[in-house]
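*Asks:* Sequence first, predicted coordinates after that:
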Amino acid sequence: MNESYYRYHVFFCTNQRDNGRPCCQDHNSSAFRSYAKEKIKALGLAKNHQVRINIAGCLNRCAQGPAIVVYPEGIWYSYTNHKDIDEIISEHLINGRPVVRLRI
């Protein structure tokens, strides 16, 4: 059986495209990723392979807003503020319930 190393592995697209093409970094995705990483640490979820927050290059979902993907389920989200990130953390990463309103 091939099990995931982390309970949840979260990738934030932080790509910056050239020539003015839309990209996740246009929405300050690096800062949102840092916010999520610090929140996960503060909640103690970074220990024992529970949750890992990573930077990703282009995830090719730019047209749908800043994108993150949560594995092992492969659930895609878009977000606009810290409240959205908090909801993904509390509902999906802590309680195991995907946040339907933020899914791509």
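*Replies:* Cool, got the structure.

*Asks:* what's around L59, how many residues?
*Replies:* 19 (other C-beta atoms under 10 Å). In short, each C-beta sits where N, CA and C put it, glycine included.

*Asks:* To clarify, my last question referred to Q50.
*Replies:* Q50: 15 surrounding residues under other C-beta under 10 Å.

*Asks:* I'd say it and Y6 touch.
*Replies:* Yes: when contacts are counted by C-beta atoms under 8 Å, Q50 is listed as touching Y6 (7.0 Å).

*Asks:* what about the residue positioned nearest the centre of the chain, distance to G57?
*Replies:* What sits nearest the mean C-alpha location of the chain, by C-alpha atoms, centre = their mean, is I68, with 3.7 Å. Computed as C-beta to C-beta, to the nearest Å, the I68 to G57 distance reads 13 Å.

*Asks:* Remind me which helix or strand V70 belongs to.
*Replies:* Assigned by DSSP states H and E, V70 belongs to strand 67-71.

*Asks:* tell me what that strand is packed against?
*Replies:* The contact analysis (3 or more C-beta pairs under 8 Å, 6 or more residues apart in numbering; DSSP states H and E) places strand 67-71 against strand 8-13, strand 75-78.

*Asks:* Dig out what V69 forms beta bridges with.
*Replies:* With DSSP bridges as the criterion, V69 is bridged to F11, W76.

*Asks:* Report whether the expected contact of it with W76 is present.
*Replies:* Yes: assessed by C-beta under 8 Å, V69 is found in contact with W76 at 5.1 Å.

*Asks:* Now list whatever residues contact both of those two.
*Replies:* Listed as contacting both V69 and W76 by C-beta atoms under 8 Å, 6 or more residues apart in numbering is no residue at all.

*Asks:* those helices in this structure, which residues are they?
*Replies:* 29-42, 82-87 (DSSP state H).

*Asks:* Would you mind finding the most buried of these?
*Replies:* helix 29-42 (a mean of 17; mean count of other C-beta atoms under 10 Å).

*Asks:* and the angle from it to strand 67-71?
*Replies:* Orientation check (axes from the mean of the first three to the mean of the last three C-alpha atoms, to 10 degrees): helix 29-42 against strand 67-71 gives 40 degrees.
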